[in-house]
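S.K.: Output the structure for:
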Amino acid sequence: MLENEISSIIIASAIRVHRELGPGLLESVYEVALYYELTKNRGLKVKRQYPFEVFYDGKPMGKGFRADLVVEDKVIIELKSVSQISNVFKKTLYSYLVLTDIHLGLLLNFNAAYLKDGITRVVNNLEE
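M.R.: This is a model prediction of the structure:
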């Protein structure tokens, strides 16, 4: 399955979670619910709070960050529940993509009144 196909499933699943739970809860609640939706109801392989090793000059520097969700080893999802998405969130997700050589990331802000307004797509050399 390609990244864009996976992202369509993720977005549909996230909208379902948002409609059911509403905006404004803790990010961890949405993480668990979206994980459940993607694994149990959609049959996708998902890693939660997945630690990534960071390398510098070919040497391991330790666990550099934890991705909220990694779907099918092809899409990183970062979840937020904030009043406004800051540019730093987008830049951080882009850095995650570069460091992991993953090509697509989704930044999902569950605090938006309508989740469609809280979706940011971030790409790193994604072939369309």
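S.K.: For the residue located most distally from the centre of the chain, give me phi and psi.
M.R.: Using Cα atoms, centre = their mean, the residue of the chain lying farthest from its centre is residue 57. It sits 27.2 Å away. Here the main-chain torsion angles of residue 57 (degrees, to the nearest 10) amount to phi 60, psi 40.
S.K.: same for the top helix by length along the chain, what does it pack against?
M.R.: For the chain, the helix with the greatest residue count under DSSP state H is helix 3-21. Counting contacts by 3 or more Cβ pairs under 8 Å, 6 or more residues apart in numbering; DSSP states H and E, helix 3-21 packs against helix 27-36, strand 75-80, strand 104-109, strand 119-123. Backbone N, C-alpha and C define where each C-beta goes, glycine included.
S.K.: Hmm, residue 113 is touching residue 23, no?
M.R.: Yes - contact criterion Cβ atoms under 8 Å: residue 113 and residue 23 qualify, at 6.2 Å.
S.K.: Tell me which of these two has more neighbours.
M.R.: Using other Cβ atoms under 10 Å as the criterion, residue 113 and residue 23 rank with residue 23 on top: 15 against 11.
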